[in-house]
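>>> Give the three-dimensional model of this entry:
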Amino acid sequence: MQKLIILDRDGVINQDSPDYIKSPDEWIPIPGSLEAIAALNNAGFKVAVATNQSVIGRGYYTLEMLENIHQKMHRELALVAGHIDAILFCPHAPEDHCLCRKPKPGLFQQIFDHFHLTESFQTILAIGDSLRDLEAAKAAGCSPILVLTGNGEKTQQKLSDSFLETPIYPNLSEAIFALLARETR
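Sure thing, here's the model as predicted:
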């Protein structure tokens with residue numbers, strides 16, 4: 001069975017901004033997040049990113065700029081011997097009512113297709129900082145985890161009863177190292 005973990009990008013891997021991340025210069029990793037991804041890689045996990053990028057649909061920047069931001073993320077990860085196996089994004093604005101914008105599970109289904117997965121999604125962990133990340137993970141049959149970086153603290157205050165069992169960690173690094181510690185037991 002393939003070991004896979006799905007991460008949100010803004011607020012989980014890198015710092016978030018209410019004005020969006022619009023350039024490589026604005027993409028700043030959260031301390032420890034890149035090293036955590038490298039630790040996942042070393043433990044045999046495939047790492048996928050599922051990210052809403054409505055900045056494209058809203059016309060704030062182009063696909064080329066998004067690719068430039070992702071290239072910076074890849075370069076920064078390579079510096080700590082880490083990598084991301086797949087990045088899937090929704091370029092649509094909320095009013096487009098697409099099937100891939102989280103909280104809908106379309107991006108997760110694209111990830112499952114990318115890795116040729118057909119069952120046992122409960123073993124796939126999905127880490128996010130917003131309610132829509134958790135909802136998409138649950139809708140796709142994955143196990144959601146909340147981190148308190150980005151919008152995580154606000155999200156924690158709004159969690160409904162259906163997410164009371166959701167594990168919560170201060171940041172991606174602590175979530176990953178807790179996961180890896182359980183794996184080695």
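
>>> C-alpha only now, for contacts and for neighbours.
Fine.

>>> mind checking which helix or strand of this structure has the lowest mean pLDDT?
helix 54-57 (a mean of 92; mean pLDDT, DSSP states H and E).

>>> in stretch 162-180, what's buried?
The neighbour-count check on stretch 162-180 (16 or more other Cα atoms under 10 Å) flags F163, I168, Y169, N171, L172, S173, E174, A175, I176 as buried.

>>> isn't T149 right up against N171?
Yes. Assessed by Cα atoms under 8 Å, T149 is found in contact with N171 at 5.7 Å.

>>> Give me the common contacts of these two.
Common contacts of T149 and N171, defined by Cα atoms under 8 Å, 6 or more residues apart in numbering, comprise V12.

>>> about what we covered before: and the contacts of the least confident helix or strand of the chain?
By Cα under 8 Å, 6+ apart, the list of residues contacting helix 54-57 reads Y20, K22, Y61, T62, L63, C90, P91, H92, A93, P94.

>>> now it, how far from the centre of its chain.
Mean-position distance between helix 54-57 and its chain equals 17 Å (Cα atoms, centre = their mean, to the nearest Å).

>>> Now the element after that helix, going C-ward?
helix 63-78 (DSSP states H and E).

>>> State the mean pLDDT of that next one.
When pLDDT is averaged over helix 63-78, the result is 97.

>>> I'd like the buried residues of stretch 162-180 laid out as TSV, including distance to I145.
Formatted as TSV, those follow (distance: Cα to Cα, whole Å):
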residue	distance to I145
F163	10
I168	6
Y169	8
N171	10
L172	10
S173	12
E174	11
A175	8
I176	10
